[in-house]
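Engineer: Structure for the following, please:
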Amino acid sequence: MHQIVPESLIHDAGKGLRICVAGAGAIGITLATRMSMSGHHVSVLARGESLAVIKKNGLSLTDAEGEHRAQVTVGTADELPNADVLFLCAKAQDLESMAEAVQPLIHSETLIVPFVNGIPWWYFQGMEGRHAGRTVLAVDPRQRLKRLLPGQRVIGAVTTITAERLAPGVARTRNPLRCVIGEIDHRRSDRTDWLAALLADSGIATRVAERIRDALWTKVIANLCSNPLSVVTGATLRDVCGDPSLSIVSRQLVDEGLLVAASFGARLELDPSSLLAMGASMGDFKTSMLQDYEKGLPLELAAICEAVMELGELEGISMPFTRTITILSQFKSNMRQRAPYVELDRTNAA
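Structural biologist: Okay, here's the model as predicted:
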């Protein structure tokens with residue numbers, strides 16, 4: 001199902017590719033800056049203030065190697081050239097609107113690479129078994145993503161880039177840039193090898209996995225045990241994963257996630273204690289969900305929590321800790337987005 005390989009990917013180490021990064025958040029800025037620094041032709045799909053600022057000032061990234069600036073082509077989909085490789089860097093809840101917006105950028109050979117958290121819409125595509133072709137309703141309730149982003153064009157991707165967007169067009173990341181990619185039907189292909197080389201050339205350590213869902217589950221469980229709990233507590237990764245009291249809760253979330261992953265045949269070499277230790281080693285870094293909460297933005301609970309619970313229900317697995325933390329996170333998010341508190345007139349209250 002995956003014979004689509006852009007001709008330009010074969011020549012000049014991909015330097016002739018038209019690469020588009022859709023989304024100017026922390027990951028999008030990091031990816032676009034690194035690829036532009038390596039001499040690739042990069043355009044950025046942006047809107048609003050980000051579009052105006054990037055058009056004027058370009059991109060700015062601070063990472064482990066120092067401070068970098070990059071000038072890129074930026075605009076709306078109607079203003080940008082068709083893309084040979086299209087990276088989707090969006091919050092999961094914004095992906096449907098982004099998928100609609102990028103349609104003018106997609107041609108007959110475009111590779112679509114979603115850098116999105118949580119269980120993806122393509123999870124049941126390209127696989128066999130009793131769930132083959134099923135829709136993950138938590139992330140694609142209208143089944144629009146299936147139609148707008150066909151599976152044969154999609155390369156599965158799992159990133160472990162921890163980055164913060166400091167201002168429009170400005171991002172910072174302190175940890176190594178890593179990525180795992182793979183075909184969603186778990187077969188090896190030339191196009192994944194080429195794409196891995198392209199990312200590695202841009203300073204993003206990338207490996208090709210023959211079973212991309214294994215890598216996906218590792219990232220999903222890491223997010224599941226840290227993101228919603230960070231919203232409930234306001235704690236950084238150091239404490240969510242390393243504090244003696246909070247790490248007990250994190251461990252329960254890990255165990256529930258591992259049970260669901262195993263029920264879907266994931267082969268994970270994942271030691272829960274090592275996972276928590278790695279999270280704690282990230283230091284005082286705020287999870288992406290905590291960053292969104294503090295900005296009053298919607299949270300990625302559907303992809304990171306609700307989709308995992310949906311898959312668990314398909315296998316008859318209950319996730320009480322996950323459900324409780326998800327409810328508390330959603331409540332805090334709703335409270336933050338409500339109108340200011342107004343004292344009620346209780347004169348006639350019973």
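Engineer: which parts of the helix or strand encompassing Thr33 are buried?
Structural biologist: Per DSSP states H and E: Thr33 is located in helix 26-37. Neighbour counts over helix 26-37 (16 or more other C-beta atoms under 10 Å) mark 26-37 as buried. Bear in mind the C-beta positions are built from the backbone N, C-alpha and C, glycine included.
Engineer: As PDB, could you dump the C-alpha coordinates of it?
Structural biologist: Provided in PDB are the C-alpha atoms of helix 26-37 (Å, rounded to 0.1, in the frame of the first residue of the first chain):
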ATOM      1  CA  ALA A  26       6.800  24.300  19.700                       C
ATOM      2  CA  ILE A  27       7.300  21.100  17.600                       C
ATOM      3  CA  GLY A  28       6.600  22.800  14.300                       C
ATOM      4  CA  ILE A  29       9.100  25.600  15.000                       C
ATOM      5  CA  THR A  30      11.700  23.100  16.100                       C
ATOM      6  CA  LEU A  31      11.300  20.900  13.100                       C
ATOM      7  CA  ALA A  32      11.100  23.700  10.500                       C
ATOM      8  CA  THR A  33      14.100  25.500  11.900                       C
ATOM      9  CA  ARG A  34      16.300  22.400  12.000                       C
ATOM     10  CA  MET A  35      15.400  21.300   8.500                       C
ATOM     11  CA  SER A  36      15.900  24.800   7.100                       C
ATOM     12  CA  MET A  37      19.300  25.000   8.800                       C
END
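Engineer: next helix or strand past that helix?
Structural biologist: Next along from helix 26-37, by DSSP H and E: strand 41-45.
Engineer: close enough to count as contact, Val53 and Gly169?
Structural biologist: Yes: with contact defined as C-beta atoms under 8 Å, Val53 reaches Gly169; the gap is 4.8 Å.
Engineer: what about the two, which has more around it?
Structural biologist: Just comparing Val53 and Gly169: by other C-beta atoms under 10 Å the higher neighbour count belongs to Gly169, 29 against 19.
Engineer: And the pLDDT at the closest residue to the more buried one other than its chain neighbours?
Structural biologist: Of all residues not flanking Gly169 in the chain, Ile54 sits nearest, at 4.4 Å (C-beta to C-beta, 6 or more residues apart in numbering). Among the per-residue scores, Ile54 shows a pLDDT of 97.
Engineer: Looks like Ile54 contacts Ala171 (just checking).
Structural biologist: No: between Ile54 and Ala171 there is no contact under C-beta under 8 Å: 11.5 Å.
Engineer: Determine the number of other residues adjacent to the closest residue to Thr160 other than its chain neighbours.
Structural biologist: Leaving aside its sequence neighbours, Thr160 sits nearest to Arg178 (C-beta to C-beta, 6+ apart; 4.6 Å). Neighbours of Arg178 under the rule other C-beta under 10 Å: 14.
Engineer: any idea how far Ala101 is from Arg178?
Structural biologist: Plainly put, Arg178 is 28 Å away from Ala101 if you go by C-beta to C-beta, to the nearest Å.
Engineer: cool, Met309 as well?
Structural biologist: The gap separating Met309 from Ala101 is 29 Å, by C-beta to C-beta.
Engineer: Poorly predicted segments of the chain, please.
Structural biologist: Across the chain, the ranges flagged by pLDDT under 70 are 1-15, 339-350.
Engineer: mind checking the longest strand of it?
Structural biologist: In the chain, assigned by DSSP state E, the strand with the most residues is strand 106-114.
Engineer: who's in contact with the next helix or strand after that strand?
Structural biologist: Downstream of strand 106-114, the first helix or strand assigned by DSSP H and E is helix 144-148. Contacting residues not belonging to helix 144-148 are listed as 95-96, 99-100, 103, 121-122, 125, 135, 139-140 [C-beta atoms under 8 Å, 6 or more residues apart in numbering].
Engineer: Repeat that for stretch 47-60.
Structural biologist: Against stretch 47-60 from outside (C-beta under 8 Å, 6+ apart): 24, 29, 32-33, 36, 44, 46, 67-72, 74-76, 167-171.
Engineer: sorry, back to before: mind giving me the packing neighbours of the longest strand of the chain?
Structural biologist: strand 83-88, strand 155-159, helix 190-201 (3 or more C-beta pairs under 8 Å, 6 or more residues apart in numbering; DSSP states H and E).
Engineer: Try it again at 7 Å.
Structural biologist: If you count contacts as 3 or more C-beta pairs under 7 Å, 6 or more residues apart in numbering; DSSP states H and E, strand 106-114 packs onto strand 83-88, strand 155-159.
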